[in-house]
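Chemist: Next input, structure requested:
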Amino acid sequence: MVLRKGVRAAVAGGAVGFGFLLLIGAGTYAASGLGQAPGSSAALAPGTVPAAYQGLIQQWGAKCPEISPPMLAAQLYQESGFDPSARSGVGALGLAQFMPGTWAEYAVDGDGDGKKDVWDPADAIASAATYDCDLAHDVADIPGDRQANMLAAYNGGEDNVRKYQGIPPFAETQGYVRSIQALMQSFSAPTSTVAVSPQASGAIYFAQTKLGTPYQWGGEGLASQNYEFDCSGLTQAAYLSVGITLPRVANDQWYAGQHPSRDQLRPGDLVFFANDLTDPRSIHHVGIYVGGGYMIDAPHTGAVVRYDSIDQKDYIGATRVTQDGAAALPVRDNSGNGNITGGSDPGATAPGQQQSTTPTPAPSTPPAGTPPAAAALPAPDATVRTGKQA
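Modeler: Numbers count the residues shown, from 1 in each chain. Got it, this is the predicted structure:
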């Protein structure tokens, strides 16, 4: 949320046959690891922001050198989840979560209709970018990374950035800077092949052990749920088994890393499906890609965890999960107001996780009719982590 400058500028909570075997084997991971170093691309990745806001974010994200469209998108997602009606418990309002006093000082009429309306996305986006750039100008003489100092001023206040001559030693502010700079990679259009996640093999292995498990709405694999899953519960548990904590719902998991194109898909990518291909908020389903055009997913009530084709008309795209990308995501409450309750600390161990020495169980036998080569993926030689969602 955006507070008055100089006090606290914002608070962030916070796939078949021989070809299939080749795709999911170890050779795929070695051959496809032509990664790109994360960078600050000026272009938004397709499908990462609602189409209604894409032009505005692209326009205003170029207002000054310290911001970019992906960075501005990351901020807006962090603040409200792109909900223009968001209202926090402390009074922050709208898409960019401005406090009333700061809105009065920095509001911009983004759409030229003669009004400065905090509930109008065009005004909120323009005002957020203007406020960012104002802060960037005010701390331009502070040594260090100019964007990081701007974000620190946004969260911890310009006075504190000046006092400490850089990012102040506040855990919340340091986490906020790391989060936005990590999360902006999820909004950046890749400029080269996206590096393959080293945890992908383990996540696939976990999902394979659940083949044949009945679907349960809201299922996270808990004993109280008969160890059953829904779609995002399965993907969350699969990545938790290799030490990565994902948010609980599919349309938040979408932002846990960069977005490879369809021809760059690799095993372990999360694949997503939406009711409206122009709006990621309408994502309704997720699975784990295993190669050859197939995923493992928990599809719907009455079905079981199984292999399904990803070639469906509602396919919106994929995410290559990274540790930092997942850790940067905000954890929101259930109020529908965009309130952040945790998360947002890339590089740190996710809350609730602890190291486990429990051996990885042997994979279960896949149900009849599934691609036979899929069961051949070996168990990962890696320590398993356990824990609950933050």
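Chemist: use CA for all of it now, contacts and neighbours both
Modeler: Fine.
Chemist: and the residue nearest to Val108 when sequence neighbours are not counted, what element?
Modeler: Using Cα to Cα, 6 or more residues apart in numbering and skipping residues adjacent in sequence, the residue nearest Val108 is Ser127, 5.0 Å away. Secondary structure from DSSP states H and E places Ser127 in helix 121-138.
Chemist: I'd guessed the residue nearest to Val108 sits against Glu105; true?
Modeler: No: checked against Cα atoms under 8 Å, the pair Ser127 and Glu105 is beyond contact range at 9.9 Å.
Chemist: Would you mind telling me which of those two has the busier surroundings?
Modeler: Ser127 (24 against 12; other Cα atoms under 10 Å).
Chemist: ok, Pro169 - contacts?
Modeler: By Cα atoms under 8 Å, 6 or more residues apart in numbering, no residues touch Pro169.
Chemist: no, scratch that, I was asking about Cys133
Modeler: Counted by Cα under 8 Å, 6+ apart, Cys133 has contacts Lys63, Cys64, Glu66, Ile67.
Chemist: Quick check: the farthest pair among those?
Modeler: Lys63 and Glu66 (8.7 Å; Cα to Cα).
Chemist: Can you pick out the residue with more neighbours from the two?
Modeler: Neighbour count, other Cα under 10 Å: between Lys63 and Glu66, Glu66 has more, with 21 against 16.
Chemist: My reading is that the more buried one is in a helix; is that accurate?
Modeler: No: counting by DSSP: H, G, I helix; E, B strand; the rest coil, Glu66 is not part of a helix but coil.
Chemist: Just give the nearest non-adjacent residue to it, would you?
Modeler: Closest to Glu66 by Cα to Cα, 6+ apart is Gln147, at 5.0 Å.
Chemist: shouldn't the one you found be in contact with Ala136?
Modeler: Yes: contact criterion Cα under 8 Å: Gln147 and Ala136 qualify, at 7.2 Å.
Chemist: which residues do the two both contact?
Modeler: In contact with both Gln147 and Ala136: Glu66, using Cα under 8 Å, 6+ apart.
Chemist: And the two? Which one has more around it.
Modeler: Using other Cα under 10 Å, the more surrounded residue of Gln147 and Ala136 is Ala136, with 26 against 22.
Chemist: Who are the contact partners of the nearest residue to Ile204 once chain neighbours are set aside?
Modeler: Excluding the flanking residues, the one nearest Ile204 by Cα to Cα, 6+ apart is Gly268, at 6.0 Å. Gly268 is in contact with Ser197, Gln199, Ala200, Ser201, Ala203, Ile204, Ile288, Tyr289, Val290, Arg320, counting by Cα under 8 Å, 6+ apart.
Chemist: doesn't His284 fall inside a helix?
Modeler: No: counting by three-state DSSP, His284 is not part of a helix but strand.
Chemist: Surely it and Asn275 touch.
Modeler: Yes: the criterion here is Cα under 8 Å, and His284 meets it with Asn275 at 7.0 Å.
Chemist: three-state assignment of Val290?
Modeler: strand.
Chemist: give me the element the nearest residue to it once chain neighbours are set aside is part of.
Modeler: Closest residue to Val290 apart from its sequence neighbours, by Cα to Cα, 6+ apart: Pro267 at 4.4 Å. Assigned by DSSP H and E, Pro267 belongs to neither a helix nor a strand.
Chemist: Compute the distance between Pro267 and Tyr307, please.
Modeler: According to Cα to Cα, to the nearest Å, Pro267 stands 13 Å off from Tyr307.
Chemist: Helix or strand: which one has the residue sitting furthest away from the middle of the chain?
Modeler: Distance to the chain centre peaks in the chain at Gly114, reaching 35.4 Å (criterion: Cα atoms, centre = their mean). Element membership for Gly114, per DSSP H and E: none, as it lies in no helix or strand.
Chemist: Read off the pLDDT value for the residue nearest to Val290.
Modeler: pLDDT for Pro267: 96.
Chemist: Asn160 contacts Pro168, correct?
Modeler: Yes: the pair Asn160 and Pro168 qualifies as a contact (Cα under 8 Å) at a distance of 6.1 Å.
Chemist: where's the nearest residue to Tyr289 once chain neighbours are set aside relative to Val305, distance?
Modeler: Excluding the flanking residues, the one nearest Tyr289 by Cα to Cα, 6+ apart is Met295, at 4.1 Å. As defined by Cα to Cα, Met295 lies at a distance of 10 Å from Val305.
Chemist: Tell me the helix or strand right after the helix or strand the residue nearest to Glu66 falls within.
Modeler: Element membership of Gln147, judged by DSSP H and E, is helix 146-156. Helices and strands here follow DSSP H and E; after helix 146-156, the next one along the chain is helix 158-164.
Chemist: Can you name the element that comes right after that following helix?
Modeler: helix 171-187.
Chemist: So which other helices or strands are in contact with that following helix?
Modeler: helix 69-80, helix 146-156, strand 257-258, helix 323-327 (3 or more Cα pairs under 8 Å, 6 or more residues apart in numbering; DSSP states H and E).
Chemist: try 6 Å this time
Modeler: helix 69-80, helix 146-156 (3 or more Cα pairs under 6 Å, 6 or more residues apart in numbering; DSSP states H and E).
Chemist: now the following helix or strand past it: how far from the chain's centre is it?
Modeler: Where DSSP H and E defines the elements, the next helix or strand beyond helix 171-187 is helix 200-209. Centroid separation for helix 200-209 versus its chain: 20 Å, with Cα atoms, centre = their mean, to the nearest Å.
Chemist: Stretch 260-268 too?
Modeler: 17 Å.
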